[in-house]
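J.: I would like to see how this sequence folds:
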Amino acid sequence: MTSIVDIEQGKFLEINGAATHYHDVGEGKVVLLLHGSGPGVSAWANWRHAIPALAGSARVLALDIVGFGATERPDTVRYSLRTWTDHVWSFLDQLGIDKVSVIGNSLGGRIAMQMAEDNQDRIDRLVLMGAPGVGMTLTDGLQALRSYEPSYEAMSSLLTNYFAVDKSIITDDLVQIRYEASNAPGAHEAYRLMFFHPDHAGSELAISEDQVRAVTVPTLLVHGREDRVVPVDVAWKMIDLLPNGDLHVFSRCGHWTQIERAEEFNRLVAAFLESD
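T.: Predicted coordinates for the structure are as follows:
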């Protein structure tokens, strides 16, 4: 039996010149989990509750997208939505995965939408959780993420003020883990390149109404009503445009529905993925 420690440590695969860290757990239809872009993020930090829960009925893949987590950060990479999406496609191709359901958190949700635009025939279902979309603006929460400078105090303030309504989930251990990850060699430098350097395009995540209308695969939007990073109004605008979309809003919940409402989130998503 695979232990939680084994899942957390993950594996490595060479993808587009970067040793890519990923988790591969369970059997069955393939579900791909794509994390967000907050400082100190990784696949495991984002999906540690979802991976073992969903792996009971599916093969769950979760990678550290290039520039994040334990994946290498090549000096030659130009961070952009296209770079991240191509990294994910190459990852699936190298594993021989033809069709997949994609669950994307925040930035991961925008990558998932780009994947659907690229090739819907390879997408079974989409789950977009706290994802940017039509009408997205620079919120106070997003500005706080982008202006983060590594320190324990700054990470504590960021997580407490912008990620969760239930402050009890922001433990000292969680803050320490996220802070250390954000301050790992090369991590903050890459983070600054993504969103502030003119040669990179990590902030260019806009999507048009026509692009959204063209996505016809079954899609579930999941959002926290009190999300201060991506407002719930964005989800309402997206659901008006998606031809085959449903929306679930969690009350008393911020940007971390998969952590703050973990059990309910996992049940909701599992039922959606298994439905006809």
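J.: Next up, the contacts around Ala18.
T.: When contacts are counted by CB atoms under 8 Å, 6 or more residues apart in numbering, Ala18 touches 66, 71-74, 77, 87. From N, CA and C alone the C-beta is placed, and that goes for glycine too.
J.: and Gly130, how many neighbours?
T.: 29 (other CB atoms under 10 Å).
J.: quick one: it and His223 touch, right?
T.: Yes: judged on CB atoms under 8 Å, Gly130 makes contact with His223 at a distance of 6.0 Å.
J.: between these two, what contacts are shared?
T.: With CB under 8 Å, 6+ apart, Gly130 and His223 have common neighbours 230, 257.
J.: Mind putting the contacts of Ala18 into a markdown table with secondary structure and distance to Gly96?
T.: As requested, the contacts of Ala18 are arranged in a markdown table below (DSSP: H, G, I helix; E, B strand; the rest coil; distance: CB to CB, whole Å):
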| residue | secondary structure | distance to Gly96 |
| --- | --- | --- |
| Val66 | coil | 20 |
| Thr71 | coil | 20 |
| Glu72 | coil | 22 |
| Arg73 | coil | 26 |
| Pro74 | coil | 24 |
| Val77 | coil | 24 |
| His87 | helix | 17 |
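J.: In ChimeraX, select just the buried ones from these.
T.: Command for ChimeraX, covering only those of the contacts of Ala18 found buried under the criterion 16 or more other CB atoms under 10 Å:
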select :66,71,72,73,77,87
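J.: The contacts of Ala18 into TSV, with extra columns for distance to Gln211 and pLDDT?
T.: Shown next, in TSV, are these (distance: CB to CB, whole Å; pLDDT from 0 to 100):
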residue	distance to Gln211	pLDDT
Val66	23	97
Thr71	27	96
Glu72	31	95
Arg73	29	95
Pro74	29	93
Val77	25	93
His87	20	98
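J.: Which one of the contacts of Ala18 is nearest to Pro39?
T.: Nearest to Pro39 among those: Arg73, at 14.1 Å, using CB to CB.
J.: In contact with the closest one, which residues?
T.: Applying CB under 8 Å, 6+ apart to Arg73 gives the contacts 18, 66-67, 186-187, 190.
J.: if we can go back for a sec, which single one of the contacts of Ala18 is nearest to Pro52?
T.: Closest to Pro52, out of all of the contacts of Ala18 and judged by CB to CB, is Thr71, at 21.4 Å.
J.: Distance check, the nearest residue to that closest one once chain neighbours are set aside against Arg192.
T.: Using CB to CB, 6 or more residues apart in numbering and skipping the chain neighbours, the partner closest in space to Thr71 is Asp64 (4.1 Å). Asp64 is 18 Å from Arg192, where distance means CB to CB, to the nearest Å.
J.: if you count what's nearby, which of those two comes out ahead?
T.: Shown here are Asp64 and Arg192; by other CB under 10 Å, Asp64 has more neighbours (24 against 15).
J.: hang on, the more buried one packs against Ile15?
T.: No: using CB under 8 Å, Asp64 is not in contact with Ile15, being 10.5 Å away.
J.: Not counting its neighbours along the chain, what's nearest the spatially most central residue of the chain?
T.: Closest residue to the average C-alpha location of the chain: His35 at 2.3 Å, with CA atoms, centre = their mean. Of all residues not flanking His35 in the chain, Asn46 sits nearest, at 3.8 Å (CB to CB, 6+ apart).
J.: likewise Ala70?
T.: Per CB to CB, 6+ apart, closest to Ala70 is His21, 3.8 Å.
J.: Is the one you found in a helix, a strand, or coil?
T.: At His21, secondary structure determined by DSSP: H, G, I helix; E, B strand; the rest coil is strand.
J.: ditto for Glu263
T.: Following three-state DSSP, Glu263 is assigned to helix.
J.: what about it, how many neighbours?
T.: Neighbour tally, Glu263, other CB under 10 Å: 9.
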